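> got a predicted structure plus its sequence, pasted below:
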Amino acid sequence: MEVTRHDSPDEREAMLPADYSARTHILTTSLIASGIAMAALWTARHAAPVDWLLMPAFFVAANFIEWAVHKNPMHRPLPPKILYKNHTLVHHRAFLHTSMPIGTERELGLIMMPWYTMMGLFVLASPIAIAAAAWRGIGAAGIFYLSAALYFCAYEGMHALYHLPDRTLARIGLGGPLFQRMRAHHRHHHRLNRMTHVNFNVTFPLMDWAMGTKEKPTPIESESPATADSPIEAQQASA
């Protein structure tokens, strides 16, 4: 299916339910992630100190899952097709490499994952937790789910930050060389002719590098993606 742009303010607004609240969305995600993290910490009390050394390996596993899910069901009409619809047909139509920043707070709803996608990813990753429990005991499974909850929050947070206006990023002290390189990596992925081929990692491009899907952004993409002040920036400037 051909993906065409729908990145004007009116078109973005039309993609959102009338009663959508970004703050409720953030609160829901935070509560679910916190609940999983607390349950994981409670389970991890059974872990031996050496089991915590598995945490880096769990982060690598999460990075692979991020890459694989993003490359496949989120960019190809594979079951469950809701992932393709929400990501390729909504998110990538609303935000192109030339129109990355959000214009209103509500547009975060076109970036953040719905709660059911979040839960589905934890279910998808459950075989790793089962294997860890079989090898090292139930405490290792708790460490895995704690790692997964932290990783998911990192994904959602970094993805949202990449789409914030420059003035907002400056106010919270972001915009250094490392952040700009990571932002440019994601911005290049938003080219309609490259989105199904390269730069699938949103967090850390480890698997993009390992799997040969890391592509260098153009010099223009490494600059600020804002072509003009968004409504959010204009509101902040007048505050």
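Arrived safely, thanks for sending.
> next, count neighbours for the nearest residue to residue 7 once chain neighbours are set aside.
The shortest distance from residue 7 to any non-neighbouring residue, by Cβ to Cβ, 6 or more residues apart in numbering, is to residue 99 (4.4 Å). Every C-beta, even on glycine, is put in place using the N, C-alpha and C of the backbone. For residue 99, the neighbour count with other Cβ atoms under 10 Å is 20.
> next up, phi/psi of residue 99, please.
Note on residue 99: backbone dihedrals following degrees, to the nearest 10 are phi -150, psi 60.
> what does residue 220 give?
phi -70, psi -40.
> please verify my assumption that residue 119 contacts residue 33.
No. Here residue 119 lies out of contact with residue 33, judged by Cβ atoms under 8 Å, at a distance of 10.6 Å.
> so the two - more neighbours on which side?
Residue environment comparison for residue 119 versus residue 33 gives the larger neighbour count to residue 33, 19 against 13, counting by other Cβ under 10 Å.
> contacts for the helix or strand hosting the more buried one?
Assigning secondary structure by DSSP states H and E places residue 33 in helix 22-44. With contact meaning Cβ atoms under 8 Å, 6 or more residues apart in numbering, helix 22-44 is reached by 105-109, 112-113, 115, 118-119, 122, 138-139, 141-146, 148-150, 152-153, 156.
> distance from the chain centre to that helix, please.
Centroid displacement of helix 22-44 relative to its chain, using Cα atoms, centre = their mean, to the nearest Å, is 16 Å.
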